[in-house]
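> Predicted model follows, preceded by the sequence.
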Amino acid sequence: MPLILSGATVLLISAFVVASGFLEAARTNEMLRAADDLAVPEGFKLGTLQGRTAERIVQAAAFLPCGAVTAPCPSLHRQWSGPESQGMTRADVERIIRDSGWHGKLVINEENCELRYTNSSWITCEARGKLKDFDAQMRLSQIRGDVWWLSFMLDPER
């Protein structure tokens with residue numbers, strides 16, 4: 001009898017892991033579709049993160065199925081770099097949001113949107129909100145003397 005219970009337990013665990021994998025793949029595809037809507041400014045080039053391919057920078061929860069307590073998963077991070085000597089303004093951030101179809105969904109963080117250098121060597125403008133059922137964050141930033149960086153992150157809604 002213990003052998004039958006062990007086999008049934010293994011079968012249930014295997015079914016759970018497989019089902020979780022299918023659900024995670026579906027969520028990943030939703031995230032990728034949302035990220036594809038981002039209206040990236042002309043001249044910006046998609047970067048890579050930790051050796052992952054640029055198109056699918058999606059992170060899962062290692063060996064545990066999504067929904068595990070270890071980390072929100074899947075999560076998505078994409079980053080683009082702008083051309084040398086390109087200027088960017090708050091109006092550009094607003095245009096990215098509007099052209100992406102996210103007006104009213106992503107809101108610029110007024111406390112963290114200064115795109116002129118003052119005493120700092122780093123400037124940034126950040127917008128946050130909800131896209132479908134994901135927490136979204138978009139950030140345009142630059143370190144003095146470097147190119148502009150556009151980052152986009154999606155995490156499961158909390």
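Yes, it's here.
> Output the contacting helices and strands for the helix or strand hosting residue 149.
Residue 149 belongs to strand 148-156 when assigned by DSSP states H and E. Using 3 or more Cβ pairs under 8 Å, 6 or more residues apart in numbering; DSSP states H and E, the elements in contact with strand 148-156 are helix 2-36, strand 75-81, strand 134-143. The C-beta positions use only the backbone N, C-alpha and C, and glycine is treated the same way.
> can you state the direction angle for that strand and strand 134-143?
Interaxial angle of strand 148-156 relative to strand 134-143 (axes from the mean of the first three to the mean of the last three Cα atoms, to 10 degrees): 160 degrees.
> Specify the angle between strand 148-156 and strand 75-81 in degrees.
Using the same axes, to 10 degrees: strand 148-156 against strand 75-81 is 170 degrees.
> in its sheet, what does strand 148-156 sit against?
With DSSP bridges as the test, strand 148-156 is paired with strand 75-81 (antiparallel), strand 134-143 (antiparallel).
> Excluding sequence neighbours, find me the nearest residue to residue 103.
Nearest residue to residue 103, sequence neighbours excluded (Cβ to Cβ, 6 or more residues apart in numbering): residue 97, at 6.0 Å.
> what's near enough to touch residue 29?
For residue 29, the contact set (Cβ atoms under 8 Å, 6 or more residues apart in numbering) is empty.
> Now do the same for it: its pLDDT.
Looking at residue 29, its pLDDT is 80.
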